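Asks: Return a 3D structure for these sequence lines:
(one chain, ligands or ions: 1)
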Amino acid sequence: MTATKATLLNTTFKKEVFEGLSAYPKYLSSKYFYDKKGDRLFQEIMAMPEYYLTGCEFQILSTYTETIGELFRDRQNGLDLIELGAGDGKKTKVLLKYMAENNFNFVYKPIDISENAVELLSNNLAQEMPILNVDAEVGEYFEVLERLKGFNKRKKVIMVLGSNIGNLKHPKAIEFLSKLKDAMLPDDLLFMGFDQKKEPQKILNAYNDDTGITEAFNKNVLTRINRELGGNFDLNKFKHWEVYDPETGTAKSFLVATKAMEVSIEALKLTVNFDQWETIHTEISQKYDDKIVGWLAEEAGLKIETSFTDKKEYYKDYVFRK
Ligand code: AVJ
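Replies: Presented below is the predicted three-dimensional model:
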């Protein structure tokens with residue numbers, strides 16, 4: 001690559017958009033869905049009747065609040081509760097409330113890729129639970145993990161809710177879990193949500209609502225390219241398409257070009273050509289079962305201590321130790 005081109009691709013967003021749209025087949029990362037508008041759309045998704053994940057995990061945390069809370073407790077030194085991908089914290093609040101009301105000595109450290117989400121959550125917690133000790137941070141999973149290692153003074157509980165790990169293909173998920181393990185001490189816990197394999201239609205519907213919310217969410221990455229990188233994507237010429245493979249448990253999202261077109265992205269000095277029906281792969285939402293989670297844990301050097309599920313067994317939260 002020439003020096004001028006290298007300076008051109010100076011931010012990760014620029015670099016990854018350049019790579020993904022220059023590749024064949026084309027792809028963009030779902031982590032770019034989340035800005036102010038994307039966060040709002042995701043909140044709308046969580047409120048959709050088709051998107052069962054949030055309700056299931058809320059049920060788990062509400063049903064087993066005490067059991068989970070007491071698993072986290074350290075009466076001697078207290079603990080740091082670190083949440084990766086905290087979002088709006090709606091589910092976590094159930095636990096936070098229990099811990100605050102039952103004399104837990106703890107700091108809650110929510111971390112999210114969205115600056116906007118972190119700010120909203122901090123303000124909201126300051127209002128709703130002023131006694132809580134909150135230390136929020138903006139950051140990406142893999143980058144934040146490095147900093148977690150310097151956190152080893154007392155017990156750590158790391159939470160990753162919402163089946164957020166589902167955005168990672170298995171090799172990346174193993175890498176992620178291994179790095180979490182490296183940041184953990186023997187007494188530390190990892191509490192993580194994994195959406196389970198189930199009736200395939202149920203899964204497909206969760207990512208295919210006909211109100212168009214998921215479509216708008218998926219297309220938000222194009223909106224961001226238009227606004228932040230001077231792109232001229234015509235959103236109306238793309239169609240949201242979802243597939244679910246019940247064998248692998250992978251739900252995949254695409255944006256499909258309904259017309260041949262040329263798109264230019266000013267900040268990248270890039271022209272992108274689309275054939276009619278050409279795709280941009282934007283997201284995977286992996287579904288799991290005990291066998292897959294057991295395998296991921298083993299590969300990462302983690303042990304499953306216990307798990308909690310909802311009434312319909314659609315979703316599971318697993319507790320891991322190193
Ligand atoms: C936040 C990654 C768990 O994959 O289910 C929801 C994001 N994408 N609808 C998921 C999402 C489309 C969600 N995660």
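Asks: quick one, helices of the stretch 201-322 of the chain?
Replies: Per DSSP state H, counting those that start in this stretch, the stretch 201-322 of the chain carries helices over the ranges 213-229, 290-300.
Asks: The longest one packs against which elements?
Replies: Contacts defined by 3 or more C-beta pairs under 8 Å, 6 or more residues apart in numbering; DSSP states H and E place helix 213-229 against helix 12-22, helix 36-46, strand 238-245, strand 250-257, strand 279-286. C-betas here are computed from N, CA, C, even on glycine.
Asks: and that helix, C-alpha only, in CSV?
Replies: Provided in CSV are the C-alpha atoms of helix 213-229 (Å, rounded to 0.1, in the frame of the first residue of the first chain):
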residue,chain,number,x,y,z
ILE,A,213,-37.1,-2.0,12.3
THR,A,214,-34.5,-4.7,11.8
GLU,A,215,-34.1,-3.5,8.2
ALA,A,216,-33.5,0.1,9.3
PHE,A,217,-31.1,-1.2,11.9
ASN,A,218,-29.2,-3.2,9.3
LYS,A,219,-29.2,-0.2,6.9
ASN,A,220,-27.9,2.1,9.6
VAL,A,221,-24.3,1.1,8.6
LEU,A,222,-25.0,2.6,5.2
THR,A,223,-26.4,5.7,6.7
ARG,A,224,-23.2,6.1,8.8
ILE,A,225,-21.0,5.6,5.7
ASN,A,226,-23.1,8.3,3.9
ARG,A,227,-22.8,10.8,6.8
GLU,A,228,-19.4,10.0,8.3
LEU,A,229,-17.5,9.1,5.1
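Asks: The residue in the stretch 151-300 of the chain that the ligand sits nearest to bridge partners, please.
Replies: As assessed by C-beta to the nearest ligand atom, the ligand sits closest to S285 within the stretch 151-300 of the chain, at 3.3 Å. Beta-bridge partners for S285, by DSSP bridges, are A251.
Asks: is it true that it touches F194?
Replies: No. Under the criterion of C-beta atoms under 8 Å, S285 lies out of contact with F194, with a separation of 11.3 Å.
Asks: joint contacts of these two?
Replies: By C-beta atoms under 8 Å, 6 or more residues apart in numbering, S285 and F194 have these common neighbours: 163, 166.
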